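**Q** what's the 3D shape of this:
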Amino acid sequence: MVDAIRAAGTISRVGLIKATGFTAPTISTLVRKLINEGLVVETGHAKSTGGKRRVLLQLDHTSRYAVGVHLDHGVVTYALTNLGGSVVARLSRPGAGAEEPTVVVARIAAEIAALIDGVGVERARVLGVGLVFPGPVGATRGIAGPPDVDLAPALPRWAGFPLGAALEQVTALPVVLDNDSTAAALGEHWTGGFGAATSAAALYMGTGIGAGLVIDGVTYRGPSGNVGELGHVCVAADGPRCWCGARGCLEALAGPAAVVAAARSDRATARAAGLGGGARRPSVVADFAAISRAARRGEPPALALLERSARHVGVAARTLANLMDLEVLVLTGPSLAAAGSVYLPIVRHELRASFSRGTHTVDVRLSRSAATASAIGAAALILESELVPPSHGPRPPERVDERVRLTESAS
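**A** Predicted structure coming up:
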């Protein structure tokens, strides 16, 4: 029910009955409990429809907070959000690099503390930490990676490391782990980026390529958390071998690492993008951003590389749209934050040929918070896990008219 109130913005008890299907006595009991816990407040009245005006409810956004952390090789991104999912503070720090996991975890704990203390939020109001990363979550609540296949190429030292337990121990907060693409989709859903779509996806590009799915308001993960591995959709049957072991994967042909490798292999392109050599190179995301800047300056080789990548990404996105009958596709992630102006029109053009075009178009958008999408989604993981019971029931209501005219008083 908290999610129903959050999604509506403001809603009456009668509205909650319609939205959830619960009986009036049940709604009354639950609302009273939420008010007593400080999660919900009464905030004026709806416009009169002839009888007694309905009292409106909304979340007290400052009553609880959540921390989201996106762990990657090049950068660790933090977001502190309130109960409504709005970002209160954000922070970026150097990534995992080649450091040992235990060292990085200790650093993450210190940076989480600095994030919370920096805005004066009481620790008791923080529900927990959502931490996301490239690759699937293993059975030990760490980054999965059996010996024969490296499922986390951006973080090779972390395969099998019990990340959840380690971070809980040093922060004394509950920790929820997930894949960064799935988190990005949840963040879009939680903050309204998908609107009222019943079938939506976030196409994520950071170090690699992935997608997260939200179907009927529920984040779909599949039995092993491997839903949305768009980077491993085959777009060329006889293409190059991918790190996953297959050939012709989107990521191997058109992912940020492939773009960076192609740029570095051409001396003129590397020079135009300012890609230096040396033993200590920047991260893939940083190099990809440099290529994107060169493309925006009008450097033809850099622009050609991005456009080629975007065409492959668009083909894979059309496959995803056809399989899931997508209404909305949001482009997100740090690499698309840098190169979204190139990718957006090309992906839009490709999705005009989606199979559903006879009945509806696919709305392709660039995320409003592409650079920090996964960190925001990681915080939403905590909000969802703590406040929204697992359910495939009624969808949260859209924002309704009864919130239009509020009075100053609350009953």
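**Q** now name the helix or strand holding the residue nearest to the spatial centre of the chain.
**A** With the centre of the chain defined as its mean C-alpha position, the nearest residue by C-alpha atoms, centre = their mean is Ala184, 1.0 Å away. Here Ala184, judged by DSSP states H and E, is contained in helix 180-190.
**Q** helices and strands around that helix, which ones?
**A** Under the contact criterion of 3 or more C-beta pairs under 8 Å, 6 or more residues apart in numbering; DSSP states H and E, helix 180-190 touches strand 65-71, strand 126-133, strand 199-205, strand 209-215, strand 218-220, strand 328-332, helix 373-387. (Each C-beta comes from the backbone N, C-alpha and C, glycine too.)
**Q** distance to Leu230 for the ones you listed - can I get that in JSON lines?
**A** Formatted as JSON lines, these follow (distance: least, C-beta to C-beta, whole Å):
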{"stretch": "strand 65-71", "distance to Leu230": "18"}
{"stretch": "strand 126-133", "distance to Leu230": "16"}
{"stretch": "strand 199-205", "distance to Leu230": "7"}
{"stretch": "strand 209-215", "distance to Leu230": "4"}
{"stretch": "strand 218-220", "distance to Leu230": "14"}
{"stretch": "strand 328-332", "distance to Leu230": "11"}
{"stretch": "helix 373-387", "distance to Leu230": "15"}
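**Q** and of the ones you listed, who's closest to Ala289?
**A** Between Ala289 and those, the shortest gap by C-beta to C-beta is with strand 199-205, which sits at 11.3 Å.
**Q** angle of that closest one against strand 209-215?
**A** Here the directions of strand 199-205 and strand 209-215 differ by 160 degrees (axes from the mean of the first three to the mean of the last three C-alpha atoms, to 10 degrees).
**Q** use 21 as the first number for this chain going forward.
**A** Okay, using 21 as the starting number, the last item reads as strand 219-225.
**Q** mind listing what strand 219-225 pairs with, with the direction of each?
**A** strand 229-235 (antiparallel), strand 348-352 (parallel) (DSSP bridges).
**Q** buried set for stretch 117-124?
**A** Residues 121, 124 are the ones in stretch 117-124 that count as buried (16 or more other C-beta atoms under 10 Å).
**Q** kindly report the same for stretch 99-109.
**A** Buried residues in stretch 99-109, counted by 16+ other C-beta under 10 Å: 99-105, 107-109.
**Q** repeat that for stretch 55-71.
**A** Across stretch 55-71, burial judged by 16+ other C-beta under 10 Å covers 59-60, 62-66.
**Q** show me which of those is closest to Gly29.
**A** Thr63 (10.1 Å).
**Q** right, and that closest one touches Asp80 too?
**A** No. Applying C-beta atoms under 8 Å as the test, Thr63 and Asp80 come out as separate, 9.3 Å apart.
**Q** how about the buried residues of stretch 99-109 in TSV, adding distance to Ala322, secondary structure and pLDDT?
**A** Shown next, in TSV, are the buried residues of stretch 99-109 (distance: C-beta to C-beta, whole Å; DSSP: H, G, I helix; E, B strand; the rest coil; pLDDT from 0 to 100):
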residue	distance to Ala322	secondary structure	pLDDT
Ala99	30	strand	96
Leu100	36	strand	97
Thr101	35	strand	94
Asn102	40	strand	92
Leu103	43	coil	88
Gly104	40	coil	83
Gly105	36	coil	84
Val107	31	strand	92
Val108	37	strand	94
Ala109	34	strand	95
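**Q** with mean pLDDT and mean neighbour count added, can I get the helices and strands packed on helix 200-210 in a markdown table?
**A** Converted to a markdown table, the helices and strands packed on helix 200-210 look like this (pLDDT from 0 to 100; neighbours: other C-beta atoms under 10 Å):
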| stretch | mean pLDDT | mean neighbour count |
| --- | --- | --- |
| strand 85-91 | 95 | 28 |
| strand 146-153 | 94 | 26 |
| strand 219-225 | 96 | 29 |
| strand 229-235 | 94 | 25 |
| strand 238-240 | 89 | 18 |
| strand 348-352 | 97 | 27 |
| helix 393-407 | 88 | 28 |
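**Q** ok, which of those comes nearest Ile25?
**A** helix 393-407 (9.9 Å).
**Q** related to what we said a few turns ago, so for Gly245, which of the strands paired with strand 219-225 sits nearest?
**A** The minimum distance between Gly245 and the strands paired with strand 219-225 falls on strand 229-235, with 10.8 Å, by C-beta to C-beta.
**Q** any idea how far Gln78 is from Ser219?
**A** Using C-beta to C-beta, to the nearest Å, one gets 28 Å for the distance from Gln78 to Ser219.
**Q** list just the nearest of the buried residues of stretch 99-109 to Ala398.
**A** Of all the buried residues of stretch 99-109, Ala99 has the smallest distance to Ala398: 7.3 Å, by C-beta to C-beta.
**Q** and the closest one, what is it in contact with?
**A** Counting by C-beta atoms under 8 Å, 6 or more residues apart in numbering, Ala99 makes contact with 87-88, 107, 109-110, 392, 395-396, 398-399.
**Q** at 10 Å what do you get?
**A** By C-beta atoms under 10 Å, 6 or more residues apart in numbering, Ala99 lies in contact with 86-90, 105, 107-111, 135, 150, 207, 389, 392-400.
**Q** how about Gly353?
**A** Residues in contact with Gly353 (C-beta under 10 Å, 6+ apart) are 90, 200-201, 204, 222-230, 276, 305, 360, 387, 390-394.
**Q** all strands for the protein, in order.
**A** For the chain, the strands defined by DSSP state E occupy 31-32, 60-65, 75-79, 85-91, 95-102, 107-114, 146-153, 195-199, 219-225, 229-235, 238-240, 348-352, 383-386.
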